[in-house]
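Visitor: could you look at this predicted model? Sequence included:
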Amino acid sequence: MDLLNEMILLMDKHAARQFKIYSGSENDDSQRKDFYLFDAIRRLGEKYDDDKVFKKLYAGSDKNAWYRLKGRLIADVSRSVFLHQYQNNDNMLCLYYTALAYYYESVNAPRVALYFFKKAEDKAKEIENFGLLDVIYLQITKLAKEMPSINPELYVKKRKENRGLLNRMSEMEDILAVFEYQVNIAQNLAGVTIRIPELLENMLNEYTNDEELKQSPKIQFGIYFIVSHILLQDKNYLGLTDYLISTFDSFTKKNFFNKGNHRHKLQMLVWLANSAVANKDYQLSLKYAELLHNEMQAFEKLHYDFFEGFYYNIMVLNYSKINPEKAIELLIEMGRIKSVQQNAYNAAFTLLNLAEMYYIQKHFKQAILNLNKAYGHEGYKSVDSYLQLRANIGELMIRFDMKEYEFIEYRVKQIFKDYKDFLSKPESAKEVEFMQLIQKAAENPGMLRKPGFRAEAQKYLETYSNEWTKEEVLFRYNEWLEMKL
């Protein structure tokens, strides 16, 4: 994706409005080429065609003017984003204060420069940005030459102490690296029986005597990321749920969460709700989904647009099991969300999920309609081949229930042709054998009652019984076959 496109599509409605105000002029929006380009990128998303917009604006002739327009728009968007977002990002705010201090130092206003360097110092200490603190202390020491009121010894001492903190941060990185290694080793040896809290305590005691460092929010967040990813990769959802609940409660009690790491808090809640779904604990998942939605309102809806799709997805996962009709309503609502619409993959995947929900509710025509919409969607091309195959097999199941037996015979042949390479692999035996079974049943629906076919189907279910306990997406054809038997 083009850099400009990515920058613009990352902007929410509020940021886009702020850009228009910041870049506003007396001209009508429709007369401004930069606004036209900006709106085209936001409106079309993945469907945006650079050549078409170029021809529209410059009649396909002046490439240099086109590149200048895009360069100017990148600069304007950058300035607008910084101007309107620096207060929402602690690191940006630090740099903002530091940049102002440098400016006033350059125009020979040391008193004003000192004011902003001290503002930057306070914020940098708050977020443990010790690298920037080193720069700030150096600059304040230099200002002492022009301001007798500044005691340079004080800031030289602060700088030395800060170097010690930088060394501690290096120690922290070493601790996290060792911890990740030890967890991986223990995971390989002990599987799901690993006791992470004990391992963590022993490792921290072995590698550092610094109690303050052990309780540092940075090291605690680093440990959280490592443990969560390892449990997630191992699909140890019970362990992940327990760990996330205890960690979330601990971080809340210690007041670790703030505006600067609010994204981490929302991410933790997403993982928690999703892991609870994997454990089939739907009420627990809905509890944390509700908390996620409440937290998304915090700090004037900071990160709301980014997590909106995740929230809806969690709700759909839950209600697909406990209330499919509600899941359908949520999927339809989800399809209207701009962040979903702008991501072609998510839009196509939403249509596939909607098709499955309609199928579960036996609304077969609606299921086929949404499958066909998904097939024709540009995002379908980026969907994993296995998911595409499952969607096609799901269509066979729906067509069978609609008694469109002749269509199935044709469609099975087409699927074997379209997914020839994938279906030739040994791991695809489950799909191959199922399609052979459904094709036999379509050729003679009465075969479902015959002992020979029933025995063959039962053998299939027993052979692949362990496969269905794994994480599956879209159309579970074992359930369809069990219902037919």
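Guide: All right, it came through fine.

Visitor: count the neighbours of residue 87 for me.
Guide: Using other C-beta atoms under 10 Å, the number of residues around residue 87 comes to 11. The way it works is simple: take the backbone N, C-alpha and C, and place the C-beta from them, glycine included.

Visitor: go on, the one 3 residues further on?
Guide: Taking other C-beta under 10 Å as the neighbour definition, residue 90 ends up with a count of 18.

Visitor: with residue 391 instead?
Guide: By other C-beta under 10 Å, 23 other residues sit near residue 391.

Visitor: return the distance of whichever strand or helix holds residue 4 from the chain's centre.
Guide: Applying DSSP states H and E as the criterion places residue 4 in helix 3-9. Distance of helix 3-9 from its chain centroid, counting by C-alpha atoms, centre = their mean, to the nearest Å, is 17 Å.

Visitor: remind me what that helix packs against, helices and strands.
Guide: helix 33-44, helix 63-85 (3 or more C-beta pairs under 8 Å, 6 or more residues apart in numbering; DSSP states H and E).

Visitor: export these to TSV and append columns for distance to residue 174, mean pLDDT and mean neighbour count.
Guide: As requested, these are exported to TSV (distance: least, C-beta to C-beta, whole Å; pLDDT from 0 to 100; neighbours: other C-beta atoms under 10 Å):
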stretch	distance to residue 174	mean pLDDT	mean neighbour count
helix 33-44	44	89	18
helix 63-85	33	90	15
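
Visitor: lowest confidence element among the helices and strands of this structure?
Guide: Of the helices and strands making up the chain, the lowest-confidence element is helix 196-207, at a mean of 56, by mean pLDDT, DSSP states H and E.

Visitor: CA atoms of the helix holding residue 4 as PDB?
Guide: C-alpha atoms of helix 3-9 as PDB (Å, rounded to 0.1, in the frame of the first residue of the first chain):
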ATOM      1  CA  LEU A   3       2.600   5.500   2.100                       C
ATOM      2  CA  LEU A   4       0.100   8.300   1.700                       C
ATOM      3  CA  ASN A   5      -2.800   5.800   1.500                       C
ATOM      4  CA  GLU A   6      -1.700   4.100   4.700                       C
ATOM      5  CA  MET A   7      -1.400   7.300   6.600                       C
ATOM      6  CA  ILE A   8      -4.800   8.500   5.500                       C
ATOM      7  CA  LEU A   9      -6.600   5.200   6.100                       C
END
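
Visitor: check which element follows it along the chain.
Guide: With DSSP H and E, the next secondary element past helix 3-9 is helix 13-22.

Visitor: chain center to that next one, what's the gap?
Guide: Here helix 13-22 is found 24 Å from its chain centre; the criterion is C-alpha atoms, centre = their mean.

Visitor: can you list the domains in this protein?
Guide: The chain breaks down into these domains under automatic domain parsing: 3-88, 91-150, 385-485.

Visitor: what's the end-to-end length of the first one?
Guide: Start-to-end span of domain 3-88 (C-alpha to C-alpha, to the nearest Å) is 23 Å.

Visitor: change the start of the numbering to 15 and stick with it
Guide: Yes, from this point I'll number from 15; that puts the last item at domain 17-102.

Visitor: what mean pLDDT does stretch 376-388 get?
Guide: Across stretch 376-388, pLDDT averages out at 94.

Visitor: which one of the helices and strands packed on helix 17-23 lies closest to residue 27?
Guide: Judged by C-beta to C-beta, the one of the helices and strands packed on helix 17-23 that comes nearest to residue 27 is helix 47-58, at 9.3 Å.

Visitor: now for the closest one, which elements pack on it?
Guide: Packed against helix 47-58 by the contact rule (3+ C-beta pairs under 8 Å, 6+ apart) you find helix 17-23, helix 27-36, helix 64-72, helix 77-99.

Visitor: how close does residue 252 sit to residue 287?
Guide: Residue 252 is 15 Å from residue 287, where distance means C-beta to C-beta, to the nearest Å.

Visitor: of those two, who's got more company?
Guide: Taking other C-beta under 10 Å, residue 252 and residue 287 do not tie; residue 287 has more neighbours (27 against 15).

Visitor: on that earlier part again, just the buried residues of the helix holding residue 18, please?
Guide: Across helix 17-23, burial judged by 16 or more other C-beta atoms under 10 Å covers 18, 19, 21, 22, 23.

Visitor: just the residues contacting stretch 65-74, thanks.
Guide: For stretch 65-74, contacts defined as C-beta atoms under 8 Å, 6 or more residues apart in numbering pick out 47, 50, 51, 54, 77, 79, 80, 83.

Visitor: between the residues you listed, which is closest to residue 436?
Guide: The closest of those, once distances to residue 436 are taken by C-beta to C-beta, is residue 54, at 37.3 Å.

Visitor: closest to residue 480 out of the contacts of stretch 65-74?
Guide: Among these, and counting by C-beta to C-beta, the member closest to residue 480 is residue 54, at 50.7 Å.
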